[in-house]
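Engineer: Mind looking at a prediction? Sequence and model below.
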Amino acid sequence: MVSTNPFGEFRVACEVALRKALSELHPEATDRSLLLNEPPNRSFGELSSNVMLELAQSRSQDTPKKLADQLVPLIHADGVPAIRAVKTAGAGYINFYADFTELSRMTIDSIRSLDSRYGSVRTEKPMSIIVEHTSANPISPIHIGQARNPILGDALARVLEARGHRVSRHFYIDDVGRQVAVAAFGYRLIEKPSPMDEKPDHYIGTIYTITSCIVEISRLKRALQQAETLSPEKTMQLKSSLREWNQVADEFRKKHPRLFKLLLHQLPLDEDVEARINALNRAYEAGEPEAKRLIRETCGLSMQGLKETLSRVGVCFNSWDWESDLVWNGSVRDVLENLKKTGYVFSEGPVLEFDANKVAEDFELKENLAVKKDHEIPSLTLVRADGTTLYTTRDIPYTLWKFKQAEKVINVVGADQKLPQLQLKLALWALGNEKHARNLTHFAYSLVNLPGYTMSGRRGRYISFDEVVDEAIRKALDEVEKRSPSLSEEEKTKISRNIGIGAVKFALIEVDPTKPVVFTWDRVINFERNSAPYIQYSYARARSIMRKAERRVLEADSSLLIEPVEQDIILKLSKFPETVIDSADNLKPDAIADYVIALADRFNSFYNAIPVLNTSSASLSDARLALVESVTIVLRNALSLIGIEALEKM
RNA sequence: GAGCCCGUAGUCUAGUCUGGAUAAGACACUGGCCUGCGGAGCCGGAGAUCUGGGGUUCAAAUCCCCACGGGCUCGCCA
């Protein structure tokens, strides 16, 4: 029998048998939903129930052990091929032992016949889902702090697809806003020289940082000139900012002397600069042709670099959504009008504010949104005094637009943006889009920091994703040269690329996204510590056996696989579909990473202890070969879900 | 000041949602294993008062409260 979820079959069989017995003795206990757990080790079976420990609470006269002993004879597992035995143990656990003849056969047959589809269990409720991720500013390269975003977002999309959802990946190009105007302003000022040998996103990033740095310094200096009118604290604060920006300036003067000099020379250093930058921003929102040309050109250049970075690590998108389009086509204005009609918008002079807190209270949403009752949610500024809009304002029509195409929207956005994401959701409530509000998920991840400081695109203080990938590939090439000198140059290049990129991705995905990560080079390029090369190595070893065998096993007798290390692998293989379900339904891409390490571990133990090709009988060899083949399929499928390529050789 | 997230061997992490049997891995440290299929490997050893303190429970790394430490947020930035 082929099953999309072999361990699930065993689980259901145990649950049915257990419920039936419970309904005879303790009908009140059957309404519990979670009856079975995975025991800490296999001497306690493959599944275990502690219902009796709980049941004993209400029946003080009976010990859990006694209750379990009474129940077990009523659990009829004889007719169920998947269950070998049911026993009581310890304080009153009921342990279910799988029949490995059956489980092995079902698992291996299913994997070999489903092949690349093994692990994919279609949900009963497939949805159309938009995963918006990365959405990096189109004025600087993606840095390693942000890189967690595309990696998590892409894995999430892949896992959801495996679950049978229709997934569309969207990149939101944030080309409206002051920072873009700053970059474009600087770029035009130096008469738009094209990037020489530099990646265009790095090039624009440098121009942006230098421009913003010089503008900032001159602003701070002007502010300090009125020191007499300022409070001492304010003066201190300004001085400390000035010190920081001067430091940034020094760094850039050294790193990019030519551009720095050029920009310093061209930039008028009076208040006029800022006014002109703001004017450019206004002109762009208003859709004036010249501003459009300039800013689209600047962003286009940068996006070219971002796309290159993303596509080289295997992250692709279905849609590139320009934020400015929403402004120009009037949907931002329309949403503002609608929002005003809700009564949740108040004005402070020309400034419009959205009363997020009142929405949360009126709709009684605080508890649901994990906000404390007496915690006041800050209001959201929708429109500036000069009439321009803000990021989150524009995110409202964008979100509505996304919901025209999908039932569910997942925004992969850093945890630092929890508040605006909450305000966005409340805006949907206010607008009467309850259903959309409920189907909007902020997939939050903690930022990646460098030891000692936070990365800042604006300050140009970051390690770019590109250089991390480059370095990882370089390190991988060293290792390949050392370990596999006989491979062709072409193979070495391809392999080290895959190893390097895999290592970077793995480092970013293996940690629970809510946990903060401190970036260290060691984390990525120490291949003893980084598990990705280990997993790829395990795969290469397995494939090597397959190649040496020079035959495809048609009929394998899985009942010959009686070694504990073999059964450990089979058990793990049988659980892969459940892992994918958990990963997709609970949005846990990191669960796949944990799984694949554990499978590789078990395979390596097996590899070391058990011969596959030199066995006493051909049928045993066939059975083991089928097992090895199954391991290769599942390793490949699992790696593919987290966007890492499996390698034939390395 | 207020709110959110995180705290598990020297280091990095899994387990926390859904309480249950001996807290699971990796790095570093350490003792073994290449005439069997790839040693980026395998087998073993040592190393953890699960940040601290209360509470709930037959049972707490897991749930609740309070402290402490780290990160983030509270902008007419994104």
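Structural biologist: Looks like it came in fine. Nothing here was measured: the structure is a model prediction, and the numbers come from that model.
Engineer: Residue A:595 contacts residue A:578, doesn't it?
Structural biologist: No - between residue A:595 and residue A:578 there is no contact under C-beta atoms under 8 Å: 9.6 Å. C-beta here means a position set from N, CA and C on the backbone, and glycine is covered the same way.
Engineer: between these two, who's got more neighbours?
Structural biologist: residue A:595 (23 against 18; other C-beta atoms under 10 Å).
Engineer: The stretch 201-350 of chain A against RNA strand B: which residues are in contact?
Structural biologist: The stretch 201-350 of chain A comes close to RNA strand B at residues A:348, A:349, as judged by C-beta under 7 Å from any atom of the strand.
Engineer: what about the helices in the stretch 201-350 of chain A?
Structural biologist: Taking DSSP state H, counting those that start in this stretch as the criterion, the stretch 201-350 of chain A carries its helices at A:232-255, A:257-266, A:271-286, A:289-312, A:323-328, A:331-341.
Engineer: what's the residue nearest the centre of chain A in contact with, if anything?
Structural biologist: Most central in chain A under C-alpha atoms, centre = their mean is residue A:152, positioned 1.6 Å from the mean C-alpha point. Contact partners of residue A:152, counting by C-beta atoms under 8 Å, 6 or more residues apart in numbering, are A:133, A:412, A:443, A:445, A:508, A:509, A:513, A:589.
Engineer: farthest-separated two in those?
Structural biologist: Of all pairs drawn from the contacts of residue A:152, the one with the longest distance (C-beta to C-beta) is A:443 and A:508, at 14.3 Å.
Engineer: just the strands in the stretch 1-150 of chain A please.
Structural biologist: Remark: strands assigned in the stretch 1-150 of chain A by DSSP state E, counting those that start in this stretch are A:47-49, A:83-89, A:93-98, A:128-132.
Engineer: right, and these - which one's nearest residue A:427?
Structural biologist: strand A:128-132 (16.4 Å).
Engineer: mind checking the backbone torsions on residue A:412?
Structural biologist: The phi and psi values for residue A:412, taken as degrees, to the nearest 10, are phi -90, psi 100.
Engineer: in which helix or strand would I find residue A:381?
Structural biologist: strand A:380-383 (DSSP states H and E).
Engineer: If you count contacts, what does that strand end up packed against?
Structural biologist: Applying 3 or more C-beta pairs under 8 Å, 6 or more residues apart in numbering; DSSP states H and E, we find strand A:380-383 packed against helix A:331-341, strand A:351-354, helix A:391-405, helix A:418-430.
Engineer: okay, the helices of the stretch 201-350 of chain A in JSON lines with distance to residue A:627 and mean pLDDT next?
Structural biologist: Shown next, in JSON lines, are these (distance: least, C-beta to C-beta, whole Å; pLDDT from 0 to 100):
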{"stretch": "helix A:232-255", "distance to residue A:627": "55", "mean pLDDT": "86"}
{"stretch": "helix A:257-266", "distance to residue A:627": "59", "mean pLDDT": "92"}
{"stretch": "helix A:271-286", "distance to residue A:627": "61", "mean pLDDT": "89"}
{"stretch": "helix A:289-312", "distance to residue A:627": "35", "mean pLDDT": "96"}
{"stretch": "helix A:323-328", "distance to residue A:627": "52", "mean pLDDT": "95"}
{"stretch": "helix A:331-341", "distance to residue A:627": "56", "mean pLDDT": "96"}
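Engineer: before we move on, the earlier item: immediately after the helix or strand containing the residue nearest to the centre of chain A, which helix or strand?
Structural biologist: Element membership of residue A:152 [criterion: DSSP H and E] is helix A:148-162. Sequence order places strand A:166-173 as the next helix or strand after helix A:148-162, per DSSP H and E.
Engineer: and the angle for the helix or strand that that following strand is followed by with helix A:289-312?
Structural biologist: Next in sequence after strand A:166-173, counting helices and strands by DSSP H and E, comes helix A:178-189. Interaxial angle of helix A:178-189 relative to helix A:289-312 (axes from the mean of the first three to the mean of the last three C-alpha atoms, to 10 degrees): 110 degrees.
Engineer: residue ranges with poor pLDDT in chain A?
Structural biologist: Scanning chain A for pLDDT under 70 picks out A:34, A:57-61, A:227-228.
Engineer: show me what contacts the residue nearest to residue A:499 when sequence neighbours are not counted?
Structural biologist: Distances taken as C-beta to C-beta, 6 or more residues apart in numbering put residue A:476 closest to residue A:499, at 3.9 Å, once the chain neighbours are dropped. Residues in contact with residue A:476 (C-beta under 8 Å, 6+ apart) are A:495, A:496, A:497, A:499, A:500, A:503, A:527, A:533.
Engineer: quick one: what helix or strand has the third one in it?
Structural biologist: Meaning residue A:497. helix A:489-509.
Engineer: Then the last one?
Structural biologist: Using DSSP H and E, the secondary-structure element containing residue A:533 is helix A:531-549.
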